[in-house]
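Visitor: got a structure for you, letters missing:
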Ligand code: 3HC
Ligand code: NAI
């Protein structure tokens, strides 16, 4: 039996209410399209119907095309979305959309096929197709500009953002915002005449090819690599053609774009964003502790940023420092950060004051007694951390979650400094902590499910994407990063310069390459981490890059001192290549007996990225990451791996693990036998002819 997903109900006043009811979000499946089309045909033929209201059941109006149908052949028996929208527009009765909730993509295209729109207070309205690597594909690129003007429509389509009801009202996308939007829509349908948007060209003014070219140029910095956004502008630019021709071209681009690596990556990222919240190791019914009040220990680079996340979410924070002076410095930085945000118009001065008022400083541990979670962000030194955790164990109430922001230290060792290791967990934020979205949560051997659940639920509440990982050196992100920076270090000894490597990685889509990143993070920080690791594990007889230590000994600590791998002018973050560094690198090659050679961009990319994927395979096999998607999100949100490539493991699946294995075997033989041995899991997936994702899926 075919399920009913479009229901109709006649009101005594002659209004027929058509309700889309396809949980959870009323996505436009083949059944929705076909049943809505049939409903509109029936309305056209029914003389009793005076007007129509289209609305959605539950919390959504219509969330757009059913993304799960993408990548599969369309159902030949189902109606298309465009013909359904034309059936709405051409039914001969005034049709009003009652936008009760999320109205996205094809959902807005249906609403734009209606003659008028009314929103409820909780509506979210937009065309987010570009976030899935495609473009609006059912007349949206031709209708939205006709409603709100070309520039405003481009801004909405290219950003992919969903607007609130109020914003939609101010853009004149909706006629009104009403609590009972169905009733308001019904009244409008009784009062207003049919008005077809596709026949209204009055807002198509002041546009030319030049206008669109200039618009595209303005997008390049922010949207480099996000091809769908550029294709969307192209589709809107067809507004200069007839509606029919433009819609046909829009469809062509939509269909072509859906089958691109970008679209597959963006869909993967979309579903991963949701899947990451359901970790297989946390039983579904595990309770999370309620976090009403937080504590932070250490108000340095990270502690201050972490505190801001809580304040932004309205959670009061007590920040503990060693001295009044350190506290004052930390608060000054926080205040400056907020003031910058106010200056950019992103928050009001009032909001800033409210957030600052949620922060309390102290130098007394006892003030942390009643907080629900403490996040420690003191110096990266095991003895210091153990001391801090020993005190926290004594002063904090029963039930407080004790979290550490360590980036390299063993969570279990820290937990053992307390009498409650089940309450100890890693919450690894990324710098700048108030900006970067990743919260890499680390489960120690004794961490309880409840503690883990608490930090997993806390992430989204403070604006972060929480990814759960196991405890190991470097956790997921930095452990993979070591392999990448190590090869970058070898490449400069073998024949290229930092700027060559950084350019290839930038062109691949990361915000910066490994050398520029080293300058940002601090050459001294990298040096100290290496020294600690040598102390812990001893020196191996494996080859290690040699130049970074020399840069450190020159006192070139990176951006903070205006010089590192590159030079920096005061107040300018643009890296300038430096001749002393070039000479240092060439000298290192001589000392190592390496004859410098030409290295292709392909080799640079493969030597940096394939070892990173290879380490990801080890991390997966060890269960440090439960799923390949967890690794992908760590890299997208923590390191700016291009979302349009879906994260390193998705990217590997897209290229094909066999290709990666073949090249790693080649480089292990020809260049670096020490570090490039393919991971057993890489060999396994290639042997079985599956992807990392498929391996993850069969494991479950
Ligand atoms: N198709 C299929 N499933 C969808 C979906 C869609 N369009 N939108 C959401 N879902 C699923 C989610 O995957 C999730 O499934 P899960 O529970 O199994 O993880 C479930 O619905 C609930 O989604 P959220 O957790 O995201 O629910 P929220 O209430 O937080 O958000 C939303 C609702 C704002 C609608 C958000 O889901 C969203 O942004 N969805 C995507 C909207 C979109 O991109 N639409 C455009 C589609 S492309 C298109 O329309 C092409 C057209 O131009 C031809
Ligand atoms: P930082 O040196 O900027 O700040 C540390 C702060 O802790 C200082 O203000 C210091 O006064 C304070 N402090 C030290 N001992 C203390 C104690 N016993 N009680 C109270 N306060 C104390 O260091 P940063 O960079 O903020 O790092 C903090 C932690 O975060 C480290 O574990 C580091 O590995 C980790 N981390 C750092 C990242 C970065 O990019 N800086 C990224 C991710 C994690």
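Guide: Cool, got the structure. Values in this document were obtained by computation on a predicted structure and should not be read as measured data. Ligands and ions are numbered 1, 2, ... in the order given.
Visitor: Going by C-alpha atoms from here, please, whenever you check contacts or count neighbours.
Guide: OK.
Visitor: now what about the lowest-mean-pLDDT helix or strand in the chain, what contacts it?
Guide: Least confident element among the helices and strands of the chain, by mean pLDDT, DSSP states H and E: helix 523-537 (a mean of 88). Helix 523-537 is contacted from outside by 518, 548, 549, 551, 552, 556, 557, 558, 564, using C-alpha atoms under 8 Å, 6 or more residues apart in numbering.
Visitor: Can you give me the buried ones in it?
Guide: Using 16 or more other C-alpha atoms under 10 Å as the test for burial, helix 523-537 gives 523, 524, 525, 526, 527, 532.
Visitor: how about TSV for those, with distance to residue 585 added?
Guide: As requested, those are exported to TSV (distance: C-alpha to C-alpha, whole Å):
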residue	distance to residue 585
523	16
524	18
525	20
526	18
527	17
532	24
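Visitor: Closest one of those to residue 331?
Guide: For the buried residues of helix 523-537, the residue nearest residue 331 by C-alpha to C-alpha is residue 525; the value is 23.1 Å.
Visitor: And that closest one, how far from residue 492?
Guide: Separation of residue 525 from residue 492 (C-alpha to C-alpha, to the nearest Å) stands at 20 Å.
Visitor: swap in residue 118?
Guide: Residue 118 is 61 Å from residue 492, by C-alpha to C-alpha.
Visitor: who in the chain is up against ligand 1?
Guide: Applying C-alpha under 6 Å from any ligand atom, one finds that the chain approaches ligand 1 through 24-25, 27, 63-68, 102, 104-106, 128-129, 136-138, 271, 274.
Visitor: Can you say which of the residues you listed are buried?
Guide: 25, 27, 63-66, 102, 104-106, 128-129, 136-138.
Visitor: Sitting in strands, which of the residues you listed do you find?
Guide: In this view, those that belong to strands under DSSP state E are 102, 104.
Visitor: filter the buried ones among the residues of the chain next to ligand 1 down to the ones near ligand 2?
Guide: Within these, nothing lies near ligand 2 by C-alpha under 6 Å from any ligand atom.
Visitor: any idea which of the buried ones among the residues of the chain next to ligand 1 is the one closest to ligand 2?
Guide: Taking C-alpha to the nearest ligand atom as the measure, ligand 2 sits nearest to residue 128 out of these, at 32.0 Å.
Visitor: who touches the closest one in this structure?
Guide: Here residue 128 is in contact with 104, 105, 136, 157, 159, 160, 161, 162 (C-alpha under 8 Å, 6+ apart).
Visitor: What of residue 673?
Guide: Neighbours of residue 673 in contact, by C-alpha under 8 Å, 6+ apart: residue 667.
Visitor: same check, this time on residue 619
Guide: Counted by C-alpha under 8 Å, 6+ apart, residue 619 has contacts 476, 625.
Visitor: How many neighbouring residues does residue 515 have?
Guide: 24 (other C-alpha atoms under 10 Å).
Visitor: typo on my end, residue 687
Guide: For residue 687, the neighbour count with other C-alpha under 10 Å is 11.
Visitor: likewise residue 301?
Guide: Using other C-alpha under 10 Å, residue 301 is surrounded by 16 other residues.
Visitor: ok, now residue 573?
Guide: 15.
Visitor: swap in the one 3 residues further on?
Guide: Residues near residue 576, counting by other C-alpha under 10 Å, number 13.
Visitor: Could you tell me which residues make contact with it?
Guide: Counting by C-alpha under 8 Å, 6+ apart, residue 576 touches 566, 567, 568.
Visitor: give me every residue that touches the last one.
Guide: Residues touching residue 568, when contacts are defined by C-alpha under 8 Å, 6+ apart, comprise 559, 562, 574, 575, 576.
Visitor: So the second one sits against residue 572, correct?
Guide: Going back to what we said before, that points to residue 562. No: assessed by C-alpha atoms under 8 Å, residue 562 is found out of contact with residue 572, at 9.1 Å.
Visitor: Could you check which of those two has the larger neighbour count?
Guide: residue 562 (18 against 10).
Visitor: From residue 534, how far off is the residue lying closest to the more buried one once chain neighbours are set aside?
Guide: Spatial nearest neighbour of residue 562, chain neighbours left out: residue 568 (4.7 Å); criterion: C-alpha to C-alpha, 6 or more residues apart in numbering. Residue 568 sits 31 Å away from residue 534, going by C-alpha to C-alpha.
Visitor: ok, back up a step: out of the buried ones among the residues of the chain next to ligand 1, which comes closest to residue 310?
Guide: Closest to residue 310, out of all of these and judged by C-alpha to C-alpha, is residue 102, at 27.1 Å.
Visitor: Now for the closest residue to ligand 2 within the stretch 51-200 of the chain: which residues touch it?
Guide: Nearest to ligand 2, among the residues of the stretch 51-200 of the chain, is residue 131, at 28.2 Å (C-alpha to the nearest ligand atom). By C-alpha under 8 Å, 6+ apart, the contact set of residue 131 is 160, 266.
Visitor: Pull up the gap between it and residue 235, please.
Guide: Residue 131 is 16 Å from residue 235, by C-alpha to C-alpha.
Visitor: And for residue 264?
Guide: For residue 264, the distance to residue 235 - C-alpha to C-alpha - is 20 Å.
Visitor: Also residue 553?
Guide: 55 Å.
Visitor: quick one, which of these two is more surrounded?
Guide: Legend: neighbour count by other C-alpha under 10 Å for residue 553 and residue 235, higher for residue 235 (26 against 13).
Visitor: What does that one show for phi and psi?
Guide: Main-chain dihedrals, residue 235, degrees, to the nearest 10: phi -60, psi -40.
Visitor: now it, nearest residue through space, not along the chain?
Guide: Nearest one to residue 235, counting by C-alpha to C-alpha, 6+ apart, is residue 250 at 5.4 Å.
Visitor: quick one: contacts for the nearest residue to residue 594 once chain neighbours are set aside?
Guide: Leaving out its chain neighbours, the residue that sits closest to residue 594 by C-alpha to C-alpha, 6+ apart is residue 494, at 6.4 Å. Residues in contact with residue 494 (C-alpha under 8 Å, 6+ apart) are 589, 594, 595, 596, 597.
Visitor: Now the fourth one: closest residue in space that isn't a chain neighbour?
Guide: Put plainly, it is residue 596. Residue 596 sits nearest to residue 495 (C-alpha to C-alpha, 6+ apart), 4.3 Å away.
Visitor: Kindly state the pLDDT recorded for that neighbour?
Guide: You'll see residue 495 listed with a pLDDT of 97.
Visitor: mind checking how far it is from residue 422?
Guide: Residue 495 is 50 Å from residue 422, by C-alpha to C-alpha.
Visitor: out of the two, which sits in the more crowded spot?
Guide: Per other C-alpha under 10 Å, whichever of residue 495 and residue 422 has more neighbours is residue 422, with 22 against 17.
Visitor: Doesn't the more buried one lie inside a strand?
Guide: No: assignment of residue 422 by DSSP: H, G, I helix; E, B strand; the rest coil gives helix, placing it outside any strand.
Visitor: Isn't it up against residue 446?
Guide: Yes: if you go by C-alpha under 8 Å, residue 422 and residue 446 touch, sitting 5.1 Å apart.
Visitor: what touches both of the two?
Guide: Common neighbours of residue 422 and residue 446 (C-alpha under 8 Å, 6+ apart) do not exist.
Visitor: Now residue 429: closest residue in space, sequence neighbours ignored.
Guide: According to C-alpha to C-alpha, 6+ apart, the nearest residue to residue 429 is residue 439 (4.9 Å).
Visitor: what's next to the host helix or strand of that neighbour, contact-wise?
Guide: Secondary structure from DSSP states H and E places residue 439 in strand 438-443. Applying C-alpha under 8 Å, 6+ apart, the contact partners of strand 438-443 are 411, 425-430, 452, 455-456, 459, 464-471, 475, 634, 637-638.
Visitor: Spell out which residues of this structure are next to ligand 2.
Guide: 297-303, 320-322, 326, 377-380, 388, 405-407, 428-431, 521.
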